[in-house]
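fold the stuff below for me.
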Amino acid sequence: MDALRLLDILGFTVGLVYLYLEYKASIWLWLAGIVMPAIDMVLYFKAGLYADFGMAIYYCLIAVYGFAVWRFGHQAKKKGEMPITHFPLYYVFPALAVLALVWYVIWWILSTQTDSTVPLSDAFTTALSIVAMWALARKYAEQWLLWLVVDAICCSLYIYKGIPFKAAIYGLYTVVAVLGYRKWLRLMAQQRLS
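Below is the predicted model:
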């Protein structure tokens with residue numbers, strides 16, 4: 001078995017653990033959120049998915065931030081762990097502006113500085129993932145809707161790039177994004193009652 005395939009399988013396995021912990025809104029998703037991108041960094045670099053490689057670095061860093069916010073953030077101090085909330089409307093325009101700017105910058109870098117064969121889609125999923133990870137770190141239920149878009153595009157992209165296990169987990173992520181959104185809405189309603 002070649003190294004790329006082994007990394008793909010290992011990342012798939014850790015990804016399943018991460019997905020389960022995210023679905024349950026468990027703070028321990030952040031531990032898996034450090035391990036999985038560390039594996040993915042090597043996988044993406046070998047596959048020539050340079051924006052995804054950079055994204056994996058961001059994932060490692062935001063996993064530390066996410067853990068700290070969930071455990072020690074302002075709202076977490078009051079209740080022991082940060083509650084799930086809705087994405088505030090006043091963040092929509094800034095989030096869209098960040099998405100557009102980051103998408104353009106990453107696309108330009110991939111188009112002019114690398115041999116990427118998929119700069120537009122690689123840049124888009126990376127830019128939207130940056131926004132989605134921030135929304136997850138803030139524990140906004142709508143982060144699942146952002147991931148739904150990222151996951152569906154990534155599934156297709158990884159099939160195209162010949163990374164079948166990563167494509168499979170992103171296909172699963174697409175389905176779980178719908179279920180996760182519904183689950184987090186239920187958890188949010190339960191939080192209000194208690």
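
drop to CA atoms for contacts and neighbour counts, all remaining ones
Fine.

now do the contacts for Ile163.
Neighbour list for Ile163: Arg5, Asp8 [criterion: CA atoms under 8 Å, 6 or more residues apart in numbering].

just the pLDDT for it.
At Ile163 the predicted local confidence, pLDDT, stands at 85.

same check on Ala76?
The predicted local confidence for Ala76 comes out at a pLDDT of 53.

give the buried residues for the lengthiest helix in the chain.
Secondary structure of the chain read by DSSP state H shows that its longest helix is helix 164-193. Of the residues in helix 164-193, those buried by neighbour count under the rule 16 or more other CA atoms under 10 Å are 164-174, 176-177, 180-185, 187-188.

how about stretch 114-125?
Residues of stretch 114-125 classed as buried: Ser116, Val118, Pro119, Leu120, Ser121, Asp122, Ala123, Phe124, Thr125 (neighbour count, 16+ other CA under 10 Å).

now, these that are in helices?
Members of the buried residues of stretch 114-125 lying in helices (criterion: DSSP H): Pro119, Leu120, Ser121, Asp122, Ala123, Phe124, Thr125.

can I get the residues you listed in CSV including distance to Thr13?
Rendered in CSV, the data for those read as follows (distance: CA to CA, whole Å):
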residue, distance to Thr13
Pro119, 27
Leu120, 28
Ser121, 25
Asp122, 23
Ala123, 25
Phe124, 25
Thr125, 22
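
wait, which of these is closest to Val17?
Each of those was scored against Val17 by CA to CA, and Thr125 proved nearest at 21.8 Å.

I'd like to know how many residues surround the closest residue to the closest one other than its chain neighbours.
For Thr125, the nearest residue in space outside its immediate sequence neighbours is Val150; the separation is 5.3 Å by CA to CA, 6 or more residues apart in numbering. Per other CA atoms under 10 Å, the neighbour tally for Val150 reads 22.

so how far is Ile109 from Val150?
Between Val150 and Ile109 the distance is 20 Å, computed by CA to CA, to the nearest Å.

can you check Arg182 too?
Distance of Arg182 to Ile109, given as CA to CA: 37 Å.

give the next helix or strand downstream of the worst-scoring helix or strand of the chain on mean pLDDT.
For the chain, using mean pLDDT, DSSP states H and E, the weakest element among its helices and strands is helix 74-79, scoring a mean of 60. Toward the C-terminus, helix 74-79 is succeeded by helix 92-113 as the next helix or strand (DSSP states H and E).

helices and strands around that following helix, which ones?
Packed against helix 92-113 by the contact rule (3 or more CA pairs under 8 Å, 6 or more residues apart in numbering; DSSP states H and E) you find helix 50-72, helix 119-137.

right, so the ones you listed: which one is the most enclosed?
Taking mean count of other CA atoms under 10 Å as the contact definition, the stretch among those with the greatest mean neighbour count is helix 119-137, which reaches a mean of 22.

what's the average pLDDT for whichever helix or strand comes after that one?
Note on helix 119-137: by DSSP H and E, the next helix or strand toward the C-terminus is helix 143-160. Per-residue pLDDT over helix 143-160 has a mean of 95.
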